[in-house]
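**Student:** need a structure here:
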Amino acid sequence: MALLEIITRDNPRLRLKARRVPKVDESVRRLMDDMVDTMLDAPGVGLAANQVDVLLRVIVMKVDNQLYTLANPEVVRSSGEQIGYEGCLSVPGYIGEVARAEKVTIKALNRNGKEVRIKGEGLLARAIQHEIDHLDGVLFVDRLTSLDTLRPVAEAADEEATEGETVTLAV
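**Tutor:** This next block holds a predicted model:
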C-alpha cells in the first residue's frame, strides 16, 4: 500500500464536491486501502478521498477498533444533537466545537460493491457526518458553533490540563 499526501485547507480542490463512484472495482479498493494506511499513519479517525486529492465519494474511518471503507455514503436518517470538539487532518493543529446529529443511519457501498446500512451514534455518527461533509467540500470550520471555539490544539490541551476538562479530538 502507499501513503498518500493529505491536502490542507489552502488547497481549493478541498472545496470541490466529489463525484459518485460508478462501480467499486479494483482501483477503488486500492484507493480505500491506501486511504486507510494514510489515515492510520497520520493518525486520524477518518479520511475522505478529496483530502488526498481524489474527487470520488469514498471515505474510510476507524472508530472503536472497527474499520469502515465506504463508497457513495448518504445519510438516510438522523436524530438528536451532540456538541463536541473536532479536528481535521486537512486543518492541522486546530480544533473547534461543532454541533452534529447524535445518531445517523447511512447507506453506502462496501469494498465489495454491496449496499450496506450503518447505524452510528456518538463518535461514529460524528465521524460519518464529518467525512460526508468533506465529500461535499465542507470543512468542520464551516460548521463551528462559534468562531470563538476555534483554537490551536496545544492551547486546548493546556486548558484541559488546568481545568480538568476533557477535549475529544473526534476526526
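
**Student:** tell me which element the residue nearest the centre of the chain falls in.
**Tutor:** By C-alpha atoms, centre = their mean, the chain has its centre lying nearest to Glu131, at 3.1 Å. Using DSSP states H and E, Glu131 maps to helix 123-135.

**Student:** how far off centre is that helix?
**Tutor:** 5 Å (C-alpha atoms, centre = their mean, to the nearest Å).

**Student:** what does that helix rub up against?
**Tutor:** Defining contact as C-beta atoms under 8 Å, 6 or more residues apart in numbering, one finds that helix 123-135 is touched by 14, 17-18, 45-51, 57, 59, 61, 63-64, 73-75, 78, 82, 84, 86, 88, 90, 98, 100-104, 106, 118, 120, 139-140, 142-143, 168, 170-171. Heads up, the C-betas are built off the backbone N, CA and C, glycines and all.

**Student:** got phi/psi on Thr149?
**Tutor:** Phi and psi for Thr149, reported as degrees, to the nearest 10, are phi -80, psi -10.

**Student:** and if you look at Ala18?
**Tutor:** According to degrees, to the nearest 10, Ala18 has phi -80, psi 150.

**Student:** show residues contacting the longest helix seen in the chain.
**Tutor:** With secondary structure taken from DSSP state H, the chain has its longest helix at helix 26-41. Contact partners of helix 26-41, identified using C-beta under 8 Å, 6+ apart, comprise 1-4, 6, 21, 45-47, 49, 52, 54, 56, 58, 60-62, 67, 69, 71, 89, 111.

**Student:** what about the strands in the chain?
**Tutor:** Under the criterion DSSP state E, strands of the chain are mapped to 46-48, 58-63, 66-79, 82-88, 91-100, 103-109, 115-121, 151-152.

**Student:** which residue packs closest to Ser79, ignoring adjacent ones?
**Tutor:** Spatial nearest neighbour of Ser79, chain neighbours left out: Lys103 (5.0 Å); criterion: C-beta to C-beta, 6 or more residues apart in numbering.

**Student:** poorly predicted segments of this protein, please.
**Tutor:** Low-confidence segments of the chain (pLDDT under 70): 155-171.
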